[in-house]
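Participant: Quick one: sequence and predicted model below, then my questions.
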Amino acid sequence: MKQDSAASQRELRYYLAVAAQIHNMITEHGGREDWRLPPDHVLADMLRVHAGVVRDALLVLEIHGVIEREEHEVRLRPDVPPAHPRPGELDLGPGPFELLEARLAIEPAAAALAANRITNADLSLLRRHLGQMEQAVGQPEAAALADRLFHLALARATGNDLITSTITGLWTMRDDSLCWERLLARCDLLSIRPLWIADHRAVLAALSEHDPDAACLAMSRHIRHVMQQLLGVPTGQGAPG
């Protein structure tokens, strides 16, 4: 996205400005039988944004009925309105990539800090939540709750209230996000959850060894895996970690 365009949309969530640009593209060209919406990576290059931002933009357009998406295919709705709604009207809260990128910037550093400060009681609680995750494979709600409790317990193990409240806020926004709910609904969580459990085991092992570098790396790998598995974002692409 050009800098002047980004500046004009500064009051909006970043992905909403991108959604508005994509919708403009659809309404300008969508009536042509030979025109198709470009693939995600092509849109990202055209708009000069990260592919994950395009994923969030397309997701909100899908929820608002502008496009239909099945696996990797994006189709235009035949009844797309001639004028797009104002970007602010599309706002459904933080997008999945936006949330995961924020987590990637914060949670690995929190894991490193926790590795230096974690107590036996903290480790016991993390083991309990990991065990709950392992037992809940095939039970989405129970697995999601145990996952959340693991991350929040790790945040508390930093001994820093600001870090704890920040991470808690990110998870609360995620749980309240209609975009996140729609994203999970189309994913094969039964096959993904065991991979996430293995990631949590690696985080817990690093914390148990009081190894901040390993804890940071393990948490970074986990969040990057989530980005890759849910959004198709390559693990080496995007936010710091």
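Facilitator: Ah, there it is. Residues are numbered from 1 along each chain as shown.
Participant: Please make it C-alpha for all contacts and neighbour counts, starting now.
Facilitator: OK.
Participant: what residues go with each domain of this protein?
Facilitator: Following automatic domain parsing, one gets these domains for the chain: 3-90, 96-231.
Participant: low pLDDT regions in this protein?
Facilitator: 1-12, 30-31, 70-73, 75-92, 233-241 (pLDDT under 70).
Participant: quick one, strands of it?
Facilitator: 67-70, 73-76 (DSSP state E).
Participant: ok, back up a step: save the domains of the chain as CSV, and put in mean neighbour count too.
Facilitator: Listed next are the domains of the chain as CSV, based on neighbours: other Cα atoms under 10 Å:
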stretch, mean neighbour count
domain 3-90, 16
domain 96-231, 19
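Participant: I'd like to check which residues are in contact with residue 223.
Facilitator: By Cα atoms under 8 Å, 6 or more residues apart in numbering, the residues touching residue 223 are 100, 103, 104.
Participant: surely the first one meets residue 227?
Facilitator: Just to be clear, that refers to residue 100. Yes - counting by Cα atoms under 8 Å, residue 100 does reach residue 227; the two are 6.9 Å apart.
Participant: Can you work out which other helices and strands pack against the helix ranked longest in the chain?
Facilitator: Determined from DSSP state H, the single longest helix within the chain is helix 96-117. Packing partners of helix 96-117 (3 or more Cα pairs under 8 Å, 6 or more residues apart in numbering; DSSP states H and E): helix 51-63, helix 140-156, helix 161-175, helix 178-185, helix 189-208, helix 212-231.
Participant: Can you name the residues that contact residue 181?
Facilitator: Here residue 181 is in contact with residue 175 (Cα under 8 Å, 6+ apart).
Participant: With the one 3 residues further on instead?
Facilitator: Each residue near residue 184 by Cα under 8 Å, 6+ apart is listed here: residue 230.
Participant: please redo it, this time with the cut-off set to 10 Å
Facilitator: By Cα atoms under 10 Å, 6 or more residues apart in numbering, the residues touching residue 184 are 178, 230.
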